[in-house]
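>>> Below: sequence and its predicted model.
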2 protein chains.
Amino acid sequence: MSVKTRRTAEGAAVATPDTTAPIAPTAPTSGPISREELQLASRNHALPLEMLNWPITPVGMHYLLVHFDVPHIDPVSWRLNIGGLVDHPHEYTLHDLQHRERRTYAVTMECAGNGRSRMEPRPVSQPWDQGGVGTAEWTGTPLAPLLLDAGVSPDAVELVFTGADRGIQGGVEQQYARGLSVADAMSDDVLLAYEVNGQALPPQHGYPVRLLVPGWYGMTSVKWLRSVEAIDHGFDGYQQLRSYRYSQSPDDPGEPVQRIKVRSLMAPPGIPDFFTRQRTVDAGPVQLSGRAWSGNGTIETVEVCVDGVWEQAQLQAPAGPYAWRGWTFTWIATPGTHELACRATDSMGGTQPDAPEWNYLGMGNNDVQRMTVTVRE
Amino acid sequence: MSVKTRRTAEGAAVATPDTTAPIAPTAPTSGPISREELQLASRNHALPLEMLNWPITPVGMHYLLVHFDVPHIDPVSWRLNIGGLVDHPHEYTLHDLQHRERRTYAVTMECAGNGRSRMEPRPVSQPWDQGGVGTAEWTGTPLAPLLLDAGVSPDAVELVFTGADRGIQGGVEQQYARGLSVADAMSDDVLLAYEVNGQALPPQHGYPVRLLVPGWYGMTSVKWLRSVEAIDHGFDGYQQLRSYRYSQSPDDPGEPVQRIKVRSLMAPPGIPDFFTRQRTVDAGPVQLSGRAWSGNGTIETVEVCVDGVWEQAQLQAPAGPYAWRGWTFTWIATPGTHELACRATDSMGGTQPDAPEWNYLGMGNNDVQRMTVTVRE
């Protein structure tokens, strides 16, 4: 695992990964849920699955993962620095960005750790079940023209995006930072977003400005963005080399987590029990519905399984090329206990596995959702 | 425990509590956290404590407790029925309510179960630590003039507020409903709220209209309000008689949970560890800050404790009579490990206990917050 030292555009030293530090605070476990996991679940909320009934997730219901604390940023003194290996380093105000080209995209974003707590043994971190996802309408200005204005050097390999959020993870003090290849960062759909669902970003979603990289897992879309720095090597920060890897052991560097795997979820039918969330459904025709998405092409099919028999669901048009697709399926529910499931396939041929594909950090689990419901007369 | 049958204004039968059903799904435990508790924590999010730095909690960071599912309500067909023992039953549209007297209050709301998971043995339900609180600016129309227009009968004892959210709790199928005495419901500060922080209520906070009862724990402020019904007896619904009680055992009816007990919380200083949330602080002067509130009078004092020594904090003016008060305290941090705590006292003489005051359902825990921080050179 290569580690280099680096400095920010302002010249401040940035802690580099200590490869002797644990990459996860505790090893995967089959034991009980810890207080720390419960605490993270209370802070970083999931999409309650009935919110799949909304094509655009309301603010406050979109999943949220904040590594450290939500920073309190003064928008007047806030600046975005574009620097490093560029011909024309520049500092932008919020006003500057708001008066450049303006675009709005509906984007489905998912946490790379979504589904982690469904793995066995369970990787110990933010204990997502299935709700680490949401779709919002993000408004901002495209990044590529800013990079063209800056004149990124031909020597540059990656751009490092650094947020204002600071803390300690795996023994390493850090500001949250991620790298993207110059080509990926120049992609036409990458935004510097300053609004969500038609309003200023709320503090917890990166106010005043965040990066937005459609199709990639959420760790890429750095919140509370402070600087974009062109560098001549692969970024070696903690969140790049130590976290967000498909690895099999603490010593395995694995492959980086990047684009969102294909997935579908069903809004639970009927009514819930408060505590267990188990569902009770009235017999008769039941409209099942949900959403499906992929960061690798478009959704081609969604299948619904009732008691082991798979059938095709009806697909709706998505809200745009980066947003989930709604699906529906009419089920004639008969009294008794039934198992429902759904599975999506994307245009790259990706589909969902029946069981989680385990890895050490609990990344990218897109296993088929199954739920047992009780149908009454 | 008295149980009567009742019918809604529309004549529909409403399930009454089955007093043989368990009031909590499982008995209090000293055992590990269950999957069900983790699932509830992921759905019903807490205020991350750094959000105490905001006097008004941003939408999406205010605590949320949804008993069943967030209902998807069409605002055009939505109606509020005021009926029961009234001279002039009436049905209001959203437009009707929006064109009556308009008021905005900053209100601190807290879940009655906040602090539950800090009790030992731990009552098993939504497993709040300390973040089941928030302060928002709610806009709506006062309820009292609507009740005056309806002409509540002198025979009426309580008003029953019923929401659109439906599910099963303690074995009882129900729509969420709560009663208030006529006198409490006629209080000048009770609103039918349709905006929060200057925007339409988001679905999860009760869109299109919720009840708002300042000073009372959150269960009183019924979301997705559908009907207000005057009745000639104390309301006997599940959420009134079986839940939200200060009881010592499953057989003890206990006292009803009502107004919010005095409490203070501190925004954690320094920077966090991602997983443990343990804090690291730089030596020197540290501005500690937080908020304090009570549903029984005003906040008179906040004290801060450093390593066992209590001193007075500085109080700020609250955003209004129903909102928390900010407080600050300058701490000269010296290297090492220190314990910080804070404690508020209200104008009714209420103060916070050192340890949780246990009850079977885990209600009203306002124990002193303590945190251990590491100070570095």
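Yep, it's here.
>>> okay, CA-based contacts and neighbour counts for the rest of this
Will do.
>>> residues in contact with A:D69?
Applying C-alpha atoms under 8 Å, 6 or more residues apart in numbering or on different chains, we find A:D69 in contact with A:D165, A:R166, A:G167, B:E50, B:I271, B:P272.
>>> So for the fifth one, what's the pLDDT?
In the prediction, the pLDDT value recorded for B:I271 is 98.
>>> That one contacts A:H67, correct?
No: counting by C-alpha atoms under 8 Å, B:I271 stays clear of A:H67, with 11.0 Å between them.
>>> shared neighbours of those two, which are they?
Each of A:G167 lies in contact with both B:I271 and A:H67 under the rule C-alpha under 8 Å, 6+ apart.
>>> For burial, what's the neighbour tally of A:E91?
Residues near A:E91, counting by other C-alpha atoms under 10 Å in any protein chain shown, number 14.
>>> ok, what's across the strand from it?
Taking DSSP bridges as the rule, A:E91 bridges to A:N81.
>>> Is it correct that it is in contact with A:R79?
Yes: in this structure A:E91 lies within contact range of A:R79 using C-alpha under 8 Å: 6.1 Å.
>>> How about whichever residue of the stretch 1-150 of chain A sits closest to chain B, nearest residue that isn't a chain neighbour?
With C-alpha to the nearest C-alpha, the shortest gap between the stretch 1-150 of chain A and chain B falls at A:G60, namely 3.4 Å. Nearest non-adjacent residue to A:G60, counting by C-alpha to C-alpha, 6 or more residues apart in numbering or on different chains: B:G60, 3.4 Å away.
>>> and the one you found, what element?
Under DSSP states H and E, no helix or strand contains B:G60.
>>> Quick check, it in contact with A:V59.
Yes: checked against C-alpha under 8 Å, the pair B:G60 and A:V59 is within contact range at 6.2 Å.
>>> Number of residues surrounding the residue of the stretch 1-150 of chain A closest to chain B?
24.
>>> what sits against it?
So A:G60 contacts B:V59, B:G60, B:M61 (C-alpha under 8 Å, 6+ apart).
>>> Quick one, grab the pLDDT at the second one.
For B:G60, the model assigns a pLDDT of 96.
>>> In the stretch 101-250 of chain A, what residue lies closest to chain B?
Across the stretch 101-250 of chain A, the shortest distance to chain B (C-alpha to the nearest C-alpha) belongs to A:I168, at 4.5 Å.
>>> Go ahead and list the helix or strand containing A:E37.
A:E37 belongs to helix A:35-43, assigned by DSSP H and E.
>>> list the helices and strands that helix packs on?
In terms of contacts (3 or more C-alpha pairs under 8 Å, 6 or more residues apart in numbering or on different chains; DSSP states H and E), helix A:35-43 is packed against helix B:35-43.
>>> Any buried residues in whichever strand or helix holds A:L146, and which?
Assigned by DSSP H and E, A:L146 belongs to helix A:144-150. Using 16 or more other C-alpha atoms under 10 Å in any protein chain shown as the test for burial, helix A:144-150 gives A:A144, A:L146, A:L147, A:A150.
>>> Check those residues against B:G295 and report the nearest one.
Taking C-alpha to C-alpha as the measure, B:G295 lies nearest A:L146 of those, at 51.6 Å.
>>> okay, that closest one: pLDDT?
Reported pLDDT for A:L146: 98.
>>> For stretch A:219-231, what does the pLDDT average out to?
pLDDT averaged over stretch A:219-231 gives 98.
>>> Buried ones in it, by neighbour count?
Result for stretch A:219-231 [16+ other C-alpha under 10 Å]: buried residues A:219-231.
>>> Sketch out the low-pLDDT regions of the stretch 1-150 of chain A for me.
A:1-25 (pLDDT under 70).
>>> The residue of the stretch 101-250 of chain A closest to chain B - nearest residue in space that isn't next to it in sequence?
Distance criterion C-alpha to C-alpha, 6+ apart; nearest residue to A:I168, sequence neighbours excluded, is B:D273 at 4.5 Å.
>>> for A:S30, same thing?
Closest residue to A:S30 in three dimensions, ignoring its sequence neighbours and counting by C-alpha to C-alpha, 6+ apart: A:P121, at 4.8 Å.
>>> Over to A:Q316?
Nearest to A:Q316 is A:G326, by C-alpha to C-alpha, 6+ apart, at 5.1 Å.
>>> That neighbour: what's it in contact with?
Going by C-alpha under 8 Å, 6+ apart, A:G326 touches A:P55, A:S289, A:G290, A:R291, A:A292, A:L315, A:Q316, A:A317, A:P318.
>>> Would you mind checking which of these is nearest to chain B?
Closest approach to chain B among these (C-alpha to the nearest C-alpha): A:P55, at 11.8 Å.
>>> Compute the number of surrounding residues for the closest one.
Other residues near A:P55 come to 19 when the count uses other C-alpha under 10 Å.
>>> Looks like it contacts A:T135 (just checking).
Yes: if you go by C-alpha under 8 Å, A:P55 and A:T135 touch, sitting 7.4 Å apart.
>>> all helices for chain A, in order.
All helices of chain A, identified by DSSP state H, fall at A:35-43, A:94-98, A:144-150, A:182-185.
>>> deepest of those helices, which one?
Mean neighbour count (mean count of other C-alpha atoms under 10 Å in any protein chain shown) peaks for helix A:35-43 among these, with a mean of 23.
>>> what does that helix rub up against?
A:124-128, B:33, B:38, B:41-42, B:44-48, B:128-129, B:275-277.
>>> Swap in 7 Å and give it another go.
Applying C-alpha atoms under 7 Å, 6 or more residues apart in numbering or on different chains, the contact partners of helix A:35-43 are A:S125, A:Q126, A:P127, B:L38, B:A41, B:S42, B:H45, B:A46, B:L47, B:P48, B:F275, B:T276.
>>> Please report how far the third one lies from B:D69.
Same thing as A:P127. 21 Å (C-alpha to C-alpha, to the nearest Å).
>>> The first one too?
Using C-alpha to C-alpha, one gets 27 Å for the distance from A:S125 to B:D69.
>>> re the thing from before, for A:Q369, find the nearest of the helices of chain A.
Closest of the helices of chain A to A:Q369 is helix A:35-43, at 19.8 Å (criterion: C-alpha to C-alpha).
>>> Run the chain-centre distance for that closest one.
18 Å (C-alpha atoms, centre = their mean, to the nearest Å).
>>> could the contacts of A:G60 go into JSON lines alongside distance to B:T298?
Listed next are those as JSON lines, based on distance: C-alpha to C-alpha, whole Å:
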{"residue": "B:V59", "distance to B:T298": "25"}
{"residue": "B:G60", "distance to B:T298": "27"}
{"residue": "B:M61", "distance to B:T298": "24"}
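>>> if we take those residues, which one ends up nearest to chain A?
Nearest to chain A out of the contacts of A:G60 is B:G60 (C-alpha to the nearest C-alpha; 3.4 Å).
>>> quick one: contacts for A:D282?
Applying C-alpha under 7 Å, 6+ apart to A:D282 gives the contacts A:V375, A:R376, A:E377.
>>> Most neighbours out of these, which is it?
A:V375 leads the contacts of A:D282 on contacts (other C-alpha under 10 Å) with 18 neighbours.
>>> Which residue, other than its chain neighbours, is closest to A:V124?
Nearest residue to A:V124, sequence neighbours excluded (C-alpha to C-alpha, 6+ apart): A:P28, at 5.6 Å.
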